[in-house]
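> The following block contains a protein sequence and its predicted model.
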Amino acid sequence: MKKILEMGGRAAATLDKDLQAKPVADRVTHQDVLLLVQAAIQMAQRDAKLDITEKRLISKMVKVGRVNASEMKEIHELAKEDISLMIDRLSGRKAKKAFLLAIVAVAMADEDVDPEELRMIMDLTRALGVGQIDLRQHKYEEVEDLVLKFIASAAMSR
């Protein structure tokens, strides 16, 4: 920023114009993947029982997203962070969609979406502003597949 200011008005305006003309691609980043895993763990713990299907989903997310041991340690250290605060750290619209889908996938994994999980999904749906998911219209496997595709796209761009 300091360098831009030193360049002067016309050069700074040209640089600003160039930056606006080339928008950053809306994609899921590795940092987003870490937030998805963190949110999935929190959602899995929400109903006080960690189902084997929820564990498998989180393990797949970690593997596909290439989350390493030190990142997992950091995720576990932040395990109690308010999930709604994570939203502000997501990189864009695709990351927000992936985040919501990850939460929904975990809720659907044990085939029993309890009222607490449903309330959390509804709250996050409003906060994220990326549309709603009708849980009755989708099977767990479909949602899981979408989540893993979003995560894989981040792993490929690393």
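Sure, I can see it.
> Quick check, Ala39 in contact with Ala105.
No. Between Ala39 and Ala105 there is no contact under Cβ atoms under 8 Å: 10.6 Å. Yep, even glycine has a C-beta here, placed from its N, CA and C like the rest.
> More neighbours: these two, which one.
Ala105 (28 against 25; other Cβ atoms under 10 Å).
> Need the nearest residue in space to the more buried one, chain neighbours excluded.
Nearest residue to Ala105, sequence neighbours excluded (Cβ to Cβ, 6 or more residues apart in numbering): Val143, at 4.5 Å.
> cool, and Ala44?
Glu54 is the one closest to Ala44 (Cβ to Cβ, 6+ apart), at 4.2 Å.
> Leu135 too?
Nearest non-adjacent residue to Leu135 (Cβ to Cβ, 6+ apart): Val113, at 6.2 Å.
> So the one you found is in contact with Arg136, correct?
No. At 10.1 Å, Val113 and Arg136 do not qualify as touching, with contact defined as Cβ under 8 Å.
> okay, the two: which has more neighbours?
Taking other Cβ under 10 Å, Val113 and Arg136 do not tie; Val113 has more neighbours (16 against 5).
> got the contact list for the more buried one?
Residues near Val113 by Cβ atoms under 8 Å, 6 or more residues apart in numbering: Ala107, Ile121, Leu135.
> burial measure for the residue nearest to Ala44, as a count.
Number of residues near Glu54 (other Cβ under 10 Å) recorded here: 22.
> Leu90 now?
Leu90: 21 neighbours (other Cβ under 10 Å).
> Show the pLDDT at it.
For Leu90, the pLDDT comes out at 95.
> Next: Glu144.
Per-residue confidence (pLDDT) for Glu144: 96.
> Quick check: it touching Ala107?
No. Using Cβ under 8 Å, Glu144 is not in contact with Ala107; the gap is 11.6 Å.
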